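**Student:** would you be able to build a 3D model of this:
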Amino acid sequence: MQIENTLQTKQNLVLRLSNDGITEISAYGMRDFFRDEMDALDLNNTVKGKIIGGYDIEGGGYTLSLQPHSDGDYKTLSFSETTRGWVSFYNYKPDQIFSFKGKFYSTNSNAGDTSKGLHEHYAQENLHNSFYGSAAFDSTITFIFNPKVSMPKNFLTIGYEGSNGWDIESFVSDATEPEVFNGNAIERRDETRQVLSYVDGEYIINPANGALVQPAGYAAAFGTPFPPYTKNRAGFTRKENKYMANLVNNSTGNPAEVSYGVDVSGIKGMTATVKISTDRNTDLGNKKNCLQYLLIIRNHHIKLN
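**Tutor:** All right, here's what the predicted structure looks like:
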């Protein structure tokens, strides 16, 4: 992978050299991103940042790490030859990136344990999202629901097929045009409460006093970590590896609104931006799948692959 980021051209492009010649791969939906990030790499002609790049022979693409002059805000991301797009950001800051004998590696000289400064990616014995001996980072995915494009929607219920261990961190509608109340322009968005994973949302109602008890408190409340009482779910419920949850409105009301928040079902909007993440309790560091989402919108079932 070739990087063009010279003071003479100011182009800030990412170029790929392959059998079909030289191709600008920063043009695949990321041109503004790379322009802004590369402009911020150097403080001046003396204090400079760096760009580390390498071919990922196992993933079939290119990995690039933009590391500005300050130590904090690096960006490591990958381009896929299969999908012709930039597919993921990563939580590691490499010194080198390379493929060798069919395997993909990176190094980090600042790893706390120097014996773990060389990292083999995709190795079965490694925890997912753990690099150079670190604890496993959360995985997050942000995407937009926009079925039936021209129809206003009421998002009521969400479900997915895949693995246990996914939370919905946020579910937010698009913004309305600003309305003026008492001289102030207010832009309105609907949003839901967080949806907990199947494990994180588990609780039992204590028959002795009606208190809600989560799994961490079972032994203290009931004398056993496996009490013989009905388990309830505050987030996703499960049936045959399909997980479903009601969307609970968490919006603040505008001055003219009578019903809002938990008094209404779901959220309203033309589109919704959703962020999901792995939880901190379910099979940490191991693989989790999220294959397909299902929305219930005004009693219509819509599959989102």
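
**Student:** list the buried residues in the longest strand along the chain.
**Tutor:** Longest strand in the chain, counting residues (DSSP state E): strand 153-162. Buried residues in strand 153-162, counting neighbours by 16 or more other Cβ atoms under 10 Å, are found at 153-160. C-beta here means a position set from N, CA and C on the backbone, and glycine is covered the same way.

**Student:** average model confidence for stretch 219-236?
**Tutor:** The average pLDDT for stretch 219-236 rounds to 95.

**Student:** may I have it as PDB, with CA atoms only?
**Tutor:** C-alpha atoms of stretch 219-236 as PDB (Å, rounded to 0.1, in the frame of the first residue of the first chain):
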ATOM      1  CA  ALA A 219     -26.000 -15.600  46.800                       C
ATOM      2  CA  ALA A 220     -26.500 -12.800  49.400                       C
ATOM      3  CA  ALA A 221     -30.300 -12.500  48.900                       C
ATOM      4  CA  PHE A 222     -31.200 -16.100  48.500                       C
ATOM      5  CA  GLY A 223     -28.300 -18.100  50.000                       C
ATOM      6  CA  THR A 224     -27.400 -19.600  46.600                       C
ATOM      7  CA  PRO A 225     -26.300 -18.300  43.200                       C
ATOM      8  CA  PHE A 226     -29.000 -20.500  41.600                       C
ATOM      9  CA  PRO A 227     -32.300 -19.600  43.300                       C
ATOM     10  CA  PRO A 228     -35.400 -21.500  42.300                       C
ATOM     11  CA  TYR A 229     -37.400 -18.400  41.300                       C
ATOM     12  CA  THR A 230     -38.600 -17.100  38.000                       C
ATOM     13  CA  LYS A 231     -36.000 -15.100  36.100                       C
ATOM     14  CA  ASN A 232     -37.100 -11.900  34.400                       C
ATOM     15  CA  ARG A 233     -35.400  -9.900  31.700                       C
ATOM     16  CA  ALA A 234     -35.100  -6.100  31.600                       C
ATOM     17  CA  GLY A 235     -33.400  -6.200  28.100                       C
ATOM     18  CA  PHE A 236     -33.300  -8.900  25.400                       C
END
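
**Student:** hmm, who's touching it?
**Tutor:** 159, 166-167, 195-198, 200-207, 211, 213, 215, 218, 243-245 (Cβ atoms under 8 Å, 6 or more residues apart in numbering).

**Student:** gap between G285 and G235?
**Tutor:** As judged by Cβ to Cβ, to the nearest Å, G285 and G235 stand 21 Å apart.

**Student:** quick one: which of these two has more around it?
**Tutor:** The neighbour count for G285 versus G235, taken as other Cβ atoms under 10 Å, is higher for G235 (21 against 13).

**Student:** on the three-state scheme, that one is what?
**Tutor:** At G235 the chain is in coil, as set by DSSP: H, G, I helix; E, B strand; the rest coil.

**Student:** beyond the helix or strand where R35 lies, next helix or strand please.
**Tutor:** Using DSSP states H and E, R35 sits within helix 31-39. Heading C-terminal from helix 31-39, the first helix or strand you meet, by DSSP H and E, is strand 50-56.

**Student:** so for the helix or strand following that following strand, mean pLDDT?
**Tutor:** Remark: after strand 50-56, the chain's next helix or strand is strand 61-67, criterion DSSP H and E. What strand 61-67 shows for mean pLDDT is 94.

**Student:** elements contacting strand 61-67?
**Tutor:** Helices and strands touching strand 61-67, by 3 or more Cβ pairs under 8 Å, 6 or more residues apart in numbering; DSSP states H and E, are strand 50-56, strand 75-80.

**Student:** wouldn't S99 be in contact with G53 here?
**Tutor:** No: if you go by Cβ atoms under 8 Å, S99 and G53 don't touch, sitting 11.9 Å apart.
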